[in-house]
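Novice: Any chance you can model this:
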Amino acid sequence: MNTSEYNSNSLTPESTLLYFLRKLFETAAEYAVYIPEVGDVIILSKGQLVSIVERNCADSMIKTLPQLAERNVFKPINYDEIDSPERVTALYVRNTGSFTDSLETSLNPDQPLYPEWWNAPVPFAMSSRGTLRLNDMAIKMFGSGPEQLNANELPEKDEFMVRLENNDEAILIAFKKLSPGIFTIEDCTNNLTDVDDITWWAAVGLTWIKEIENQGGKWQRLDAPPEGKKTFRACEWQGQIQGYINLEMPPRKKNVTKKKEVKQVEQKLEPETKIEPERKSDDVIGHIGPQAMALLAAGQTRDDILL
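Specialist: Numbering: from 1, shown residues only. Presented below is the predicted three-dimensional model:
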């Protein structure tokens, strides 16, 4: 059977087993097949799926089938047990959606089911069983480098960025989820410098905050300027206000002991001045010799005394 007869994104691994059963009857398929991202392919007959739903598993998701098999809730069918699998119709479910095809397709689960618009002039990436595949436009823009990524390690988000090292050059690729397992990808290498700059200043900010906390200070992130406080600062990036931060530091204590020590050191450094005691007149006269006394006599000179 041609897969184009039935192709739906509404049936995904997150769908319930009851919804899986309803779709199985709608397509008139004889078997239900789940292709997980990792692990063996699960094949069930229509009767098995009815039995599982009746055993209080109607609300269980399709992606839990491997766990249900491990708990012996059912036993998956072996491909070799089916006669003429190429003539048997099956409803397949994988992360990229669902489709109908012959049961023979279950032998090659790694072959992804590409949507009809896969070769549109837009760069697409598909996550399939741990492998990342690109369409022709994506390969033209990025080369085959992104296909080396492990699809199972990609973030489980609708939008994310991946940094890829390519020939000693870093490439920043933005992924945007288009449908389950399929993404549009965009080159954001020109923004790589901004990303590194943001990372640097983020690290500086965290270091600064830790230093404030170590000094006993407190900080608060605010969306608007606080009223009646002068301790806040506006956080700006490339001319745009990102928010505000309020900082409060503990009051500084006066170190009296340290001031005393400084004063004592200053006093030691001052030069010592010796003060001569005052001499009384009697003491001065007592130290004058006989010759000096003769000089003090009226009308006499030193030469007269020597004669």
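
Novice: Now for the protein, the helix or strand with the poorest mean pLDDT.
Specialist: Ranked by mean pLDDT, DSSP states H and E, the helix or strand of the chain with the weakest confidence is helix 302-306, at a mean of 50.

Novice: Need the phi and psi values for I198.
Specialist: Dihedral angles phi and psi of I198 (degrees, to the nearest 10) take the values phi -60, psi -40.

Novice: That one: neighbour count?
Specialist: Residues within reach of I198, counting by other Cβ atoms under 10 Å, total 13. For every residue, glycine as well, the C-beta is placed using N, CA and C.

Novice: Who are the contact partners of it?
Specialist: Going by Cβ atoms under 8 Å, 6 or more residues apart in numbering, I198 touches W237.

Novice: Need the pLDDT of it.
Specialist: According to the prediction, I198 has pLDDT 84.

Novice: Check I43 too.
Specialist: pLDDT, I43: 94.

Novice: The one 5 residues further on now?
Specialist: At Q48 the predicted local distance difference test score is 94.

Novice: now the helices for the stretch 51-200 of the chain?
Specialist: Per DSSP state H, counting those that start in this stretch, the stretch 51-200 of the chain carries helices over the ranges 65-70, 136-142, 192-214.

Novice: how far out from the middle of the chain is the last one?
Specialist: Here helix 192-214 shows a centroid-to-chain-centroid distance of 13 Å under the convention Cα atoms, centre = their mean, to the nearest Å.

Novice: Next secondary structure after it?
Specialist: strand 218-222 (DSSP states H and E).

Novice: Now do that next one against helix 192-214, angle only.
Specialist: 140 degrees (axes from the mean of the first three to the mean of the last three Cα atoms, to 10 degrees).

Novice: Just checking: what are the partner strands of strand 218-222?
Specialist: strand 240-248 (antiparallel) (DSSP bridges).

Novice: Can I get the strand it pairs with in CSV, CA atoms only?
Specialist: Output in CSV follows, covering the C-alpha atoms of strand 240-248 (Å, rounded to 0.1, in the frame of the first residue of the first chain):
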residue,chain,number,x,y,z
GLN,A,240,17.3,48.4,26.6
ILE,A,241,16.4,48.2,30.3
GLN,A,242,16.2,44.5,31.3
GLY,A,243,15.1,45.2,34.9
TYR,A,244,16.4,46.6,38.1
ILE,A,245,18.5,45.4,41.1
ASN,A,246,18.3,46.7,44.6
LEU,A,247,21.5,46.4,46.7
GLU,A,248,21.7,46.9,50.5
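
Novice: With that, I have no additional questions.
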